[in-house]
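Chemist: I would like to see how this sequence folds:
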Amino acid sequence: MPTSTNQTFNCSCGKSALGITSRPFARFVCHCTICQSVYSAPFADITLLWAKNVSLPDAHNIQFKKYRRPPALSRGTCGSCGLPLVGFLAVAPLLRMAFIPTQNYPESYVLPPVSMHIFYHSRTADVSDYLPKYSGYLRSQLALTKLVFGAGFSGAADA
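Modeler: Here you go, the predicted structure:
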């Protein structure tokens, strides 16, 4: 399996795009109420990669919004059709992560397997798989932090 790739994502209306230059290093399912609202779905299937591997065109049509107090994910959606395209989060002063909806990947071979469910207490329906399920804000955040430090710094990613 290739370790890096160049892909371009377009929203469904074609008026917003972004590029990536690296494989995602992790993947999870988020059941938080913000994701449910932004994605208009019961959960969001998300991949993680380093923000430096994501590029936005100079004249992009992506609108960014934070839905809670910092530290908060800045979620970007197409200004025309509203499709979620990317989220950015500063983990440390010089370390930023990108959260990409899995459905946006045109090439599925770059996707890692799903590792876990977070904010499972906010689910709209039970999920019957064997992945770990984390409920509560703190447990969900700690699980995500462990995922980042385990996968993102293990050489599986371009830090």
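
Chemist: now do the helices in the chain.
Modeler: Along the chain, the segments classed as helices by DSSP state H run 33-39, 137-147.

Chemist: which of the residues in the first one are buried?
Modeler: By 16 or more other C-beta atoms under 10 Å, the buried positions in helix 33-39 come out as Ile34, Cys35, Gln36, Val38, Tyr39. For every residue, glycine as well, the C-beta is placed using N, CA and C.

Chemist: same thing with the longest one?
Modeler: In terms of neighbour count (16+ other C-beta under 10 Å), helix 137-147 has its buried residues at Ser140, Ala143, Leu144, Leu147.

Chemist: stretch 72-91 now?
Modeler: So stretch 72-91, judged by 16+ other C-beta under 10 Å, has buried residues 73-78, 83-89.

Chemist: which among these gets closest to Asn61?
Modeler: Cys78 (6.2 Å; C-beta to C-beta).

Chemist: longest strand anywhere in this protein?
Modeler: Criterion DSSP state E: the longest strand present in the chain is strand 84-92.

Chemist: thinking again about what came up before, reformat the buried residues of helix 33-39 as CSV; add pLDDT and distance to Gln63.
Modeler: Output for the buried residues of helix 33-39, formatted as CSV (pLDDT from 0 to 100; distance: C-beta to C-beta, whole Å):
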residue, pLDDT, distance to Gln63
Ile34, 92, 15
Cys35, 92, 17
Gln36, 94, 19
Val38, 91, 12
Tyr39, 91, 15
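
Chemist: between those, which is nearest Pro132?
Modeler: The nearest one, if we look at these relative to Pro132 and count by C-beta to C-beta, is Cys35, at 17.7 Å.

Chemist: please verify my assumption that the closest one contacts Asp45.
Modeler: No: with contact defined as C-beta atoms under 8 Å, Cys35 does not count as touching Asp45 (9.7 Å).
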